[in-house]
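Trainee: How does the following fold in three dimensions:
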Amino acid sequence: MRAIVLAGGYAKRLWPLTLDRPKPLLPLGNGYILDFVISGIMSVDDISEIIISTNKRFELNFIEWLKERGHSNIIVVPEPSMREEEKLGPINAVWAIVKGQPDDYLIVAGDNLFSLDLKEMVSFYHKVKAPIIALFEINDRELAKQYACVEIDENSCVINFEEKPREPKSLLVSTGIYVLPWRSLSRIHEYLSKGNPPDPIGKFIEWLTRTEAVYGFKFKGYWYDIGSHESYRAAKEAFKDISFKDR
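Mentor: Okay, here's the model as predicted:
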C-alpha cells in the first residue's frame, strides 16, 4: 500500500499566508501542518511509500521540507500548474500518479488535522476489502453544506453521499481521508472519460458509491479542516504545545 498526500491547492482564502508557501507548510505546534499529517500516515505499517501531490509552483517548498526532515520513503510529485486557473484538479493529479503504479492507496488531504487512528482505518479496510472513507460528525447544519454529507447503514456501508448539499440529510461528513483498492482507483479513467468533474475528489467518491460498495469509518475526537484564517487560528491554539514527534 502507498499513501498520497493531496497538496496541490493554492489556498486563496488564506492569503497572504499562502502567497509564498503551500497551506500544508503553515506553522503548527513545533512543526508544520504537514508534519502532523505525515506522522499519522507513518504510524501505518502497511505504507511502503508516501507521495506528496503538489503543483510546480510549490514543488521546491516541499523538497526543502523533505531535506529538513530526511524522510527516505517520501517523494514529491508536482502537476505542471503555477496558478489556480491552471490546476488539473485532484482527481486528474491522483490518476497521473496511480496509473503507472497499481496498488492500494491511503489518500489524505494535506490540510487535515485529525484524531483518527489511521492504523485502525486500514485494519477495517483489510476486513471489508472495499473503499473506505473517514467520517466525522459535526454539529452545525450550515457548516455541513460545505462538505460531503454521508449516510451509512448498520454495517457502515454508505447509502447516501452528497457533495455540498443544499439541505444536508446527515451531519456525518467526509473528511478527505480515503483507503481505496486498485480495482476502484483504476476506474478514475472511466469516471473522467464520461466528462465528470476533476475536482473535488469527493465527486469521484460520490460516483463510486453509486457503482460499488463503499464503507464509512467514523471517528471521534477532533477534526480541523484548515480552510480559513479562523480555522487555522483555532488549530494553532489547540496544537501550540503539541509536538508532531510524539504522535
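
Trainee: Just the helices from the protein, written as ranges.
Mentor: For the chain, applying DSSP state H gives helices covering 33-42, 59-69, 90-98, 118-128, 141-144, 182-185, 188-193, 201-209, 229-238.

Trainee: Is it possible to get TSV of the ones you listed that adds mean pLDDT, mean neighbour count and distance to residue 27?
Mentor: For glycine as for every other residue, the C-beta is placed from the backbone atoms N, C-alpha and C. Below are the helices of the chain laid out as TSV (pLDDT from 0 to 100; neighbours: other C-beta atoms under 10 Å; distance: least, C-beta to C-beta, whole Å):
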stretch	mean pLDDT	mean neighbour count	distance to residue 27
helix 33-42	97	22	8
helix 59-69	97	16	12
helix 90-98	95	21	24
helix 118-128	97	16	23
helix 141-144	93	13	25
helix 182-185	97	18	33
helix 188-193	96	14	34
helix 201-209	95	22	26
helix 229-238	96	14	8
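
Trainee: right, so of the ones you listed, which gets closest to residue 174?
Mentor: The closest of the helices of the chain to residue 174 is helix 201-209. By C-beta to C-beta, the value is 5.9 Å.

Trainee: Run through the strands of this protein in chain order.
Mentor: Along the chain, counting by DSSP state E, strands occupy 2-6, 27-28, 31-32, 49-55, 74-79, 105-109, 112-114, 132-137, 148-152, 158-163, 172-180, 215-218, 223-225.

Trainee: Specify the angle between the fifth one and helix 90-98 in degrees.
Mentor: Counting by axes from the mean of the first three to the mean of the last three C-alpha atoms, to 10 degrees, strand 74-79 points 130 degrees away from the direction of helix 90-98.

Trainee: Now do stretch 3-13: distance from first to last residue.
Mentor: The separation between the terminal residues of stretch 3-13, taken as C-alpha to C-alpha, to the nearest Å, is 27 Å.

Trainee: ok now that stretch, how far from the chain's centre?
Mentor: With C-alpha atoms, centre = their mean, to the nearest Å as the basis, stretch 3-13 stands 9 Å off its chain's centre.
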